[in-house]
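# Would you be able to build a 3D model of this:
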Amino acid sequence: MEQHFVWVTTRRIKPDSLAEFERAWRPGIHPDGLLHAFAYWSEDGQEITGVSVWDSQDACEGWRSSDAERERREAMTPYVVAEQEGFYRGGALTIPR
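Residues are numbered from 1 along each chain as shown. Next up, the predicted model:
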């Protein structure tokens, strides 16, 4: 299995703030080492899960401690009610046909 380094963050946001949150959430620059990024919204638009795939744990940690990420997180703060996050290792599963 090819190993991936993945950061997952799930945030609960204030009602009717999805558009503003999404503008604050998107980084202004492409982080070094970021391979893929995905976002998933709940039906009511109040829970957002972001999944980012990195080429290494160091690249992810470097971004997480950067000024750009700190500023991005500060911009999201007015809309966030709760947040959970974690770093994982793993890979794609082969599904039998």
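# which residues in this structure form helices?
Along the chain, counting by DSSP state H, helices occupy 18-25, 57-64, 67-76.
# Ok, which of those comes nearest residue 96?
Nearest of the helices of the chain to residue 96, taken as C-beta to C-beta: helix 57-64 at 30.7 Å. The way it works is simple: take the backbone N, C-alpha and C, and place the C-beta from them, glycine included.
# what residues does that closest one touch?
5, 7, 31-34, 52, 54, 69, 87, 89 (C-beta atoms under 8 Å, 6 or more residues apart in numbering).
# one more time with 10 Å, if that's ok
Identification of contacts with helix 57-64 by C-beta atoms under 10 Å, 6 or more residues apart in numbering yields 5-7, 27, 29, 31-35, 52-54, 56, 69-70, 72-73, 85, 87, 89.
# Repeat that for stretch 22-31.
With C-beta under 10 Å, 6+ apart, stretch 22-31 has contacts from 9, 11, 13, 17-18, 34, 37, 39, 41, 45, 48, 50, 52, 54, 59-60, 62-64, 66, 68-69, 71-80.
# Drop anything exposed from those residues.
Buried residues within the contacts of stretch 22-31, counting neighbours by 16 or more other C-beta atoms under 10 Å: 9, 11, 13, 17-18, 34, 48, 52, 54, 59-60, 63, 72, 75-76, 79-80.
# Any chance of CSV for the helices of the chain, columns distance to residue 95?
Below are the helices of the chain laid out as CSV (distance: least, C-beta to C-beta, whole Å):
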stretch, distance to residue 95
helix 18-25, 31
helix 57-64, 27
helix 67-76, 34
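# Output these in JSON lines, with distance to residue 93 and mean pLDDT appended to each entry.
Formatted as JSON lines, the helices of the chain follow (distance: least, C-beta to C-beta, whole Å; pLDDT from 0 to 100):
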{"stretch": "helix 18-25", "distance to residue 93": "28", "mean pLDDT": "90"}
{"stretch": "helix 57-64", "distance to residue 93": "21", "mean pLDDT": "95"}
{"stretch": "helix 67-76", "distance to residue 93": "30", "mean pLDDT": "94"}
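# Please consider this matter closed, and thank you.
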